[in-house]
Structure formats: C-alpha cells, structure tokens
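Asks: Provided below are the primary sequence and the corresponding predicted coordinates.
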Amino acid sequence: MDTVSRVLNNTGRLAIAFDAGFRANKVHTTYECGGDWMRESAVLMTGFGTAGVVGGLTGKYAVIGGTALAAQAGLIVAGPVGWAVLGVVVTVGVLAGLGAGLYADQKGQNFASMLWDR
C-alpha cells in the first residue's frame, strides 16, 4: 500500500508540474503576441489554484471513503480480490478528483475573468 501511495503522490506532482508549465507557456505566448498577459496569468493561476485544491481534496476523500466502505463491506482482503477492489477505489478517486478539478478550474477562470473585466 505504501508503494501505491508513493506512486500516486509522485504522479500527481508530475501532473501538477506539467499543468503549471503549459499555463506558463500560454501566458508567455500571450505576452509575445502583444496580448494582455497579466490578465491571462491571473485567470490561469486562479483556475490552477482552485483546480488543485478542489481536485486534490475530492480525490483524497473519495479514496478514503471508498476504502472505508470496501473495508466495512469486507471487500478489502489479502490477495487478488483485495488488490482489485483497491484498484477500483483508487481509479474512482482519481477520476473524481480529475472531474472536480476540471470543473473547479473552469469556474475559477470564469470568476477571475469576471473580476478582471470589471
């Protein structure tokens, strides 16, 4: 379990680094094209922050809740069945976090755009 946790942690950090890099590149491209790079930066970083918080917490608590439910139902056992159940729980947690993060990113960007354009 410790190895699975470590792999997921490092994969999450790598995904965050790539996302930040893509956003920084988009801001730089806006700057080079003569656009409002400060607005673009504020909008993208607000989305980045909201996505990180909401997606991270959603994924974390989905895995914790799913593991607790599976354990209470007696599905967390030694062997292949336990690993399969754990795999399903982790997959659902990752997808829940991703979905919530994408939604929060869009809402955060919309909010920052609205504030900037006032």
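Replies: Everything's here; your move. All values derive from a computational prediction rather than experimental measurement. Numbering: from 1, shown residues only.
Asks: residue closest to the middle of the chain?
Replies: For the chain, the residue nearest the mean C-alpha position is Gly55 (4.0 Å; CA atoms, centre = their mean).
Asks: residue contacts, the closest residue to Val89 other than its chain neighbours?
Replies: Spatial nearest neighbour of Val89, excluding adjacent residues (CB to CB, 6 or more residues apart in numbering): Gly66 at 3.8 Å. For glycine as for every other residue, the C-beta is placed from the backbone atoms N, C-alpha and C. Gly66 is in contact with 88-89, 92-93, counting by CB atoms under 8 Å, 6 or more residues apart in numbering.
Asks: again, only this time at 10 Å
Replies: When contacts are counted by CB atoms under 10 Å, 6 or more residues apart in numbering, Gly66 touches 85-86, 88-93, 96.
Asks: gap between it and Val88?
Replies: 8 Å (CB to CB, to the nearest Å).
Asks: ignoring the adjacent residues along the chain, who's closest to Thr46?
Replies: Ala112 (3.7 Å).
Asks: separation between that neighbour and Ala17?
Replies: In terms of CB to CB, Ala112 sits 22 Å off from Ala17.
Asks: more neighbours: which of those two?
Replies: Remark: of Ala112 and Ala17, Ala112 carries more neighbours, 20 against 10, as counted by other CB atoms under 10 Å.
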